[in-house]
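**Q** Could you look at this predicted model? Sequence included:
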Amino acid sequence: MIDLGTHPTNGWNDLPDDGSRFYADPFPIDHNGSTILFVEDYEYSRSKAVISAVAFDSDGPIGVPVPVLDEPYHLSYPFVFAQGGDYWMIPESCAAGTVDLYRAHQFPGGWVKEATLLSGLMASDATLVEHSGCWWMLATVRETVPEAGDLAPRGSFSDTLHVWSAPDFRGPWTPHARNPVLIDIASARSAGRIVSRGSKLIRPVQDCRRGYGAALALARIDRLDDGGYAQTVEAQLEPGLAWAGSCLHTLNRSSAYEFIDGAGRVPRWGF
């Protein structure tokens with residue numbers, strides 16, 4: 001979808017679950033000739049999610065996702081990347097009011113918190129990219145009232161894009177002088193890794209005009225520097241005949257696979 005700008009003609013294969021949970025926010029990474037997929041693993045009985053992982057080979061998933069990171073609060077959007085010979089992850093932890101950096105000591109598990117990059121804010125789906133000699137972090141930030149206690153959130157999680165920059169992915173992170181750089185419910189919130197295509201940076205984004213996670217879009221980053229941020233939406237990715245569900249939410253790829261998550265309507269029968 002990232003290269004086509006539309007749904008693949010051969011459709012999608014499902015990653016099954018056991019009915020007691022759902023998987024979301026797929027983030028794959030290449031490792032020793034295979035793909036390791038990290039997901040938000042939401043268990044209904046716990047009313048919160050952990051981060052789980054499953055390996056893929058040429059035939060698909062090897063087993064089922066198993067938990068690799070659990071915290072007292074909800075975790076999602078496991079932004080995983082390799083740098084300096086190590087594997088790192090920035091899962092969404094807005095329920096804790098932080099953006100935290102983890103390092104794997106026994107990949108794909110053994111995740112240990114190395115640093116808190118940002119605190120005192122409700123930032124969703126933090127996404128990093130190295131560009132023009134520095135690191136950039138993009139995340140939507142929900143308006144809060146700190147003096148009211150417990151951050152007292154109000155407003156949307158998905159319409160207000162903030163940017164930070166740093167000389168290294170471990171920080172220190174400096175907020176952009178023009179934050180928020182974009183206010184747009186149709187294209188502010190991240191929906192996966194930013195990818196390079198020739199001279200272009202393509203950013204998957206969430207289109208939440210019809211509700212959270214309703215659709216995806218692909219935005220070309222036209223400007224990302226200390227002076228400002230700008231993007232142009234190049235393609236819309238809607239549910240429909242090529243996707244049987246009602247929502248599309250996150251899009252990522254490895255060298256061998258492309259992953260997408262979405263939602264559908266499942267009837268529940270009572271007796």
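**A** Arrived safely.
**Q** shaky segments in the stretch 51-200 of the chain?
**A** Filtered on pLDDT under 70, the stretch 51-200 of the chain yields the residue ranges 144-154.
**Q** the strands in it, which residues?
**A** Along the stretch 51-200 of the chain, the stretches classed as strands by DSSP state E, counting those that start in this stretch are 60-69, 76-83, 86-93, 98-106, 109-119, 122-131, 134-142, 160-166, 174-175, 182-183, 195-197, 200-207.
**Q** Quick one: closest of the ones you listed to residue 235.
**A** strand 200-207 (9.2 Å; CB to CB). Where you see a C-beta, it was placed from the backbone N, CA and C, and this is true even at glycine.
**Q** in that closest one, what counts as buried?
**A** Residues of strand 200-207 classed as buried under the neighbour-count rule (16 or more other CB atoms under 10 Å) are 201-207.
**Q** likewise stretch 127-136?
**A** 127-129, 134-136.
**Q** who touches it?
**A** 79, 81, 90, 137-139, 163-169, 190, 192-194, 201, 203, 224-225 (CB atoms under 8 Å, 6 or more residues apart in numbering).
**Q** before we move on, what about stretch 105-119?
**A** Applying CB under 8 Å, 6+ apart, the external contacts of stretch 105-119 come out as 31, 36, 38, 51, 53, 55, 68-69, 87-90, 97-104, 126, 137, 164, 170-171, 173.
**Q** Only whichever of those residues are buried, select them in ChimeraX.
**A** ChimeraX command restricting these to the buried ones, with burial defined by 16+ other CB under 10 Å:
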select :36,38,51,53,68,69,87,88,89,90,97,98,99,100,101,102,103,104,126,137,164,170,171,173
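**Q** Centroid-nearest residue for the protein?
**A** The chain has residue 77 as the residue nearest its centroid, 4.0 Å off, counting by CA atoms, centre = their mean.
**Q** wait, isn't that one in contact with residue 40?
**A** Yes. Using CB atoms under 8 Å, residue 77 is in contact with residue 40, at 6.8 Å.
**Q** What is the nearest of the buried residues of stretch 127-136 to residue 259?
**A** residue 127 (15.5 Å).
**Q** Could you pull up the mean pLDDT of stretch 252-271?
**A** Stretch 252-271 shows a mean pLDDT of 78.
**Q** residue contacts, residue 95?
**A** If you count contacts by CB under 8 Å, 6+ apart, residue 95 has them with 73-74.
**Q** meant to ask about residue 11, not that
**A** Residue 11 neighbours (CB under 8 Å, 6+ apart): residue 242.
**Q** Checking it next. Helix, strand or coil?
**A** coil (DSSP: H, G, I helix; E, B strand; the rest coil).
**Q** quick one on the thing from earlier: which members of the contacts of stretch 127-136 are classed as buried?
**A** Here, 16+ other CB under 10 Å leaves 79, 81, 90, 137-139, 163-166, 169, 190, 192-194, 201, 203, 224 buried among the contacts of stretch 127-136.
**Q** ok, the closest residue to residue 61 other than its chain neighbours - contacts?
**A** Counting by CB to CB, 6 or more residues apart in numbering, residue 61 lies nearest to residue 54, which is 5.1 Å off, once chain neighbours are set aside. Residue 54 makes contact with 15, 36-37, 39, 61-66, according to CB under 8 Å, 6+ apart.
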